[in-house]
Structure formats: C-alpha cells, structure tokens
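Enquirer: Just need the structure, nothing else, for what follows:
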Amino acid sequence: GVKVESTLIKSIASSKDLQKALSSAAHAKRLAESRLIGAQAGVDTTKLMRAVDILNTSIAMQIRYLETMTAMAKGPGAKVILYQLNMETANNSRL
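Expert: Numbers count the residues shown, from 1 in each chain. Now for the predicted structure:
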C-alpha cells in the first residue's frame, strides 16, 4: 500500500457565484457590526445626556460646592470658609 503524508494545493478555482456569495456574506457581517456599534453609541449618548441633565440641576451644583468646601477644609492649616446659601433652595428644602 501507499501512504500519503501530505498534499499541496497550488490553486483553487471557484465559481463567480461562490465568490459573490462569500463576498456578500462578509459585507453583511461588517454592515451588521457597524449597525450594532452605531446603536450602542446612541444608547451611550442618551445615558450621557441624562447624566448631564441631572448634574446641571441647582441641587447637584450645591452638592459639588459643598464637596469642594469639605475638601478644602480637610487641608492643613487654619481656614475660614464662608458657605453661600441660596435662600430659594433653603426655603424649598423645608417643604
């Protein structure tokens, strides 16, 4: 008997239909991936816009102001820190 250990393929001839089908499958995959990336970017943008809306409220600004003042007070040395109080917000907080 003859035992074949390896073969070498020099070229493969495929039909135009097969080449077109393989090409269109690859194109469809890339198109689907790009649509998925675009959709994810839209979702991320929406989340960021909601976060911006929340952070642009006066309450959020006051919280950031107080956090900054607290951080400054924790530093070394004596300090006098004057807090700005928005009377409209103070009146609303009593409700």
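
Enquirer: how about the residue nearest the centre of the chain, what does it touch?
Expert: For the chain, residue 44 is the residue whose C-alpha lies nearest the centre (C-alpha atoms, centre = their mean; 4.9 Å). Contacts for residue 44 (C-beta atoms under 8 Å, 6 or more residues apart in numbering) come out as none. For the C-beta atoms, the positions are set from N, CA and C on the backbone; glycine is no exception.

Enquirer: Tell me where the protein is predicted with low confidence.
Expert: Across the chain, residues meeting the criterion (pLDDT under 70) sit at 81, 83-95.

Enquirer: Looking at this protein, which residue reaches furthest from the middle?
Expert: In the chain, counting by C-alpha atoms, centre = their mean, residue 1 sits farthest out from the average C-alpha position, at 63.9 Å.

Enquirer: And it, how far from residue 7?
Expert: As judged by C-beta to C-beta, to the nearest Å, residue 1 and residue 7 stand 17 Å apart.

Enquirer: Could you do residue 35 as well?
Expert: Using C-beta to C-beta, we find residue 35 at a distance of 42 Å from residue 7.

Enquirer: Look at these two and report which has more neighbours.
Expert: Neighbour count, other C-beta atoms under 10 Å: between residue 35 and residue 7, residue 35 has more, with 10 against 5.

Enquirer: And what about that one, helix, strand or coil?
Expert: Following DSSP: H, G, I helix; E, B strand; the rest coil, we place residue 35 in the helix state.

Enquirer: Residue 61 - how many residues pack around it?
Expert: 13.

Enquirer: same deal with residue 65?
Expert: 13.

Enquirer: Helix or strand: which one has it?
Expert: Using DSSP states H and E, residue 65 sits in helix 58-73.

Enquirer: Any chance you could give me that helix in CSV, C-alpha atoms only?
Expert: Taking Å, rounded to 0.1, in the frame of the first residue of the first chain, the C-alpha atoms of helix 58-73 are listed here in CSV:
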residue,chain,number,x,y,z
SER,A,58,-29.1,73.5,41.2
ILE,A,59,-29.1,70.8,43.8
ALA,A,60,-26.2,69.0,42.1
MET,A,61,-24.3,72.2,41.8
GLN,A,62,-24.7,72.8,45.6
ILE,A,63,-23.6,69.3,46.4
ARG,A,64,-20.5,69.8,44.3
TYR,A,65,-19.9,73.2,46.0
LEU,A,66,-20.2,71.6,49.5
GLU,A,67,-17.9,68.7,48.5
THR,A,68,-15.3,71.3,47.3
MET,A,69,-15.6,73.2,50.5
THR,A,70,-15.2,70.0,52.6
ALA,A,71,-12.1,69.0,50.6
MET,A,72,-10.6,72.5,51.2
ALA,A,73,-11.4,72.3,54.9
